[in-house]
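In: Quick one: sequence and predicted model below, then my questions.
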Amino acid sequence: MHLSRLMVSLTSTCSRTIKNLLFNEQTRIKTQQLFFRASALRQVNMELDNISAGNAASSGGSFDHVTHHGEKDKGPSQVMDDLEQVVELENVKELQGQEIGASDKSVAKQQSGKKNRKRGRRVDADQDGDKSKKKKQVQRPNYFVSIPITNAQISSAVAEVQESVLEREPRLSKAMIPIPTLHLTLLVAYLADQEQVDLAAAALAQVGPSLARLLEGAELVLPLSGIAHFKNDVVFVALREGPHAGVLRRLADSVQAGFEERGLLDGHARGFEPHLTIMKLSRAPKLRSQGIKRVDSSLYSDYASRFFGEQAVERLDLCSMLKKKQRDGYYHTEASLQLGGRRRSEPDEAELTRVSKRLVEDAIYRAVQQYKQETLQNGGAGQPPGDAAK
């Protein structure tokens, strides 16, 4: 601490010493110049004295005379001496003024720099504030309007694809979409409170008549066929092209318009591309640390052109992404809009039994695969609890 203070004191002393030396050197140069000027002036003075002495001798009087103020005029030599003193004084003042002016400019520059830095910080702070406001304006969606998958044939086919993929890559188990939650999304929205949820439910109910006119009493049936992906991150079952696709898009546009009229889609309006998601990596963020950054299409290539079944648009649901799921495994539903049209025949008991059996087997298989994965990560042998007990 003392050493630091000593260094600061020495630095300050050296700085003052250097300034004094520079000032003395400049003063010495000026003095030398004045000396040469004075020598020249004295030479001139001597010549003037000689001329003055000659004039005095010829006139018989003194060169000096009394002014009208009662003072004597100065002789040429005195005038020259005064002139030398004035020139020397002016030069010294000039040197001192240069040093003071440079110091003042340095201080002013430092103060100006401080002000600019403060002003820059204020501008940066204002810009950061504007950015944070923009970020706060768009919230992550927490609700969506969906068409639930109720056709057991589609659910069974999706479960088969997921099981096939997990046989080749069991680490993708957490990326699979649970079968009871399968749906097609019409729109997503951020609803801040119950009041906005009620507004969304009202908007869904009020588009009912327009949807009825759109469907004209007929049933909208969506054929699902083939598997595609978004950037190898989201894998989905695609909607087969046809007149039904145009009707579905107009249906989605009507629902979106109802939400926009109530200001419920700020920052979340997007183009509608119908698809049935069956797996996505965002459900399992830890997969990236395990080296899985994409879903290899070869894992499901055998199903690339498979027909999964037809889904009738029976109702639209306003669902919460965050609330606890219902007892049947589907999302918590705030409101539903039942759509008219002819009812499809219910699946027979044999089909329900077959689908239920497959779902149970799929759940058991996923549990075993997940246990194996966790055991391998912990350095175990990878055997299920039952086998380990034996």
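Out: Yes, it's here.

In: three-state assignment of R327?
Out: coil (DSSP: H, G, I helix; E, B strand; the rest coil).

In: Also M279?
Out: Assignment for M279 (three-state DSSP): strand.

In: check contacts around it.
Out: Neighbour list for M279: 162, 165, 172, 175-177, 234-235, 295 [criterion: C-beta atoms under 8 Å, 6 or more residues apart in numbering]. All C-beta atoms are positioned from the backbone trio N, CA, C, and that covers glycine.

In: Could you report the distance from it to A175?
Out: Distance, M279 to A175, by C-beta to C-beta, to the nearest Å: 5 Å.

In: shared neighbours of the two, anything?
Out: V295.

In: My read is that P223 contacts V237, right?
Out: No - counting by C-beta atoms under 8 Å, P223 sits too far from V237 to count as a contact (10.5 Å).

In: ok, the two, which is more surrounded?
Out: V237 (25 against 16; other C-beta atoms under 10 Å).

In: Contact partners for that one?
Out: Taking C-beta under 8 Å, 6+ apart as the test, what V237 contacts is 154, 158, 224-227, 275-276, 278, 308.

In: Can you tell me which of the residues you listed are buried?
Out: Using 16 or more other C-beta atoms under 10 Å as the burial test, those include 154, 158, 224, 227, 275-276, 278, 308 as buried.

In: what separates the nearest residue to R262 once chain neighbours are set aside from L191, distance-wise?
Out: Nearest non-adjacent residue to R262, counting by C-beta to C-beta, 6 or more residues apart in numbering: L199, 4.9 Å away. Distance of L199 to L191, given as C-beta to C-beta: 8 Å.

In: How about R250?
Out: 24 Å.

In: ok, these two, which is more surrounded?
Out: With neighbours defined as other C-beta under 10 Å, R250 and L191 compare such that L191 has more, 21 against 13.

In: can I assume the more buried one is in contact with L264?
Out: Yes - between L191 and L264 there is a contact under C-beta under 8 Å: 6.8 Å.

In: residues shared between the contacts of those two?
Out: With C-beta under 8 Å, 6+ apart as the test, L191 and L264 both reach A200.

In: show me where the stretch 201-350 of the chain has helices.
Out: Assigned by DSSP state H, counting those that start in this stretch, the stretch 201-350 of the chain shows helices spanning 208-215, 243-261, 349-377.

In: Could you pull up the mean pLDDT of the longest one?
Out: Averaging pLDDT along helix 349-377 yields 67.

In: Paired strands for the longest strand seen in the chain, with orientation please.
Out: Secondary structure of the chain per DSSP state E: the longest strand is strand 221-230. As defined by DSSP bridges, the strand partners of strand 221-230 come to strand 234-239 (antiparallel), strand 307-312 (antiparallel).

In: Adding mean pLDDT and distance to A212, write those strands out as a markdown table.
Out: Shown next, in a markdown table, are these (pLDDT from 0 to 100; distance: least, C-beta to C-beta, whole Å):
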| stretch | mean pLDDT | distance to A212 |
| --- | --- | --- |
| strand 234-239 | 96 | 22 |
| strand 307-312 | 96 | 15 |
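
In: Out of these, which is the most enclosed?
Out: Ranked by mean neighbour count, those are led by strand 234-239 with a mean of 22 (mean count of other C-beta atoms under 10 Å).

In: Would you map the strands across the stretch 101-250 of the chain?
Out: Along the stretch 101-250 of the chain, the segments classed as strands by DSSP state E, counting those that start in this stretch run 143-148, 183-189, 221-230, 234-239.

In: Turn these into TSV, columns for distance to G258.
Out: Formatted as TSV, those follow (distance: least, C-beta to C-beta, whole Å):
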stretch	distance to G258
strand 143-148	10
strand 183-189	10
strand 221-230	21
strand 234-239	23
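
In: if we can go back for a sec, most neighbours out of the contacts of M279, which is it?
Out: V235 (26 neighbours).

In: and that one, how far is that from Y300?
Out: Taking C-beta to C-beta, one finds V235 at 7 Å from Y300.

In: Find the residues that touch each one of those two.
Out: Common neighbours of V235 and Y300 (C-beta under 8 Å, 6+ apart) are I227.

In: and stretch 295-308, which residues are buried?
Out: Quick answer for stretch 295-308 (16+ other C-beta under 10 Å): 295, 299-300, 303, 306, 308.

In: And stretch 331-341, by the same measure?
Out: So stretch 331-341, judged by 16+ other C-beta under 10 Å, has buried residues 331, 333-337, 339, 341.

In: cool, and stretch 211-227?
Out: 211, 214-215, 220-224, 227.

In: just stretch 178-187 next, same as before
Out: For stretch 178-187, by 16+ other C-beta under 10 Å, it's 179-187.

In: got it, and stretch 320-334?
Out: Neighbour-count burial for stretch 320-334 flags 320, 330-331, 333-334 (criterion: 16+ other C-beta under 10 Å).
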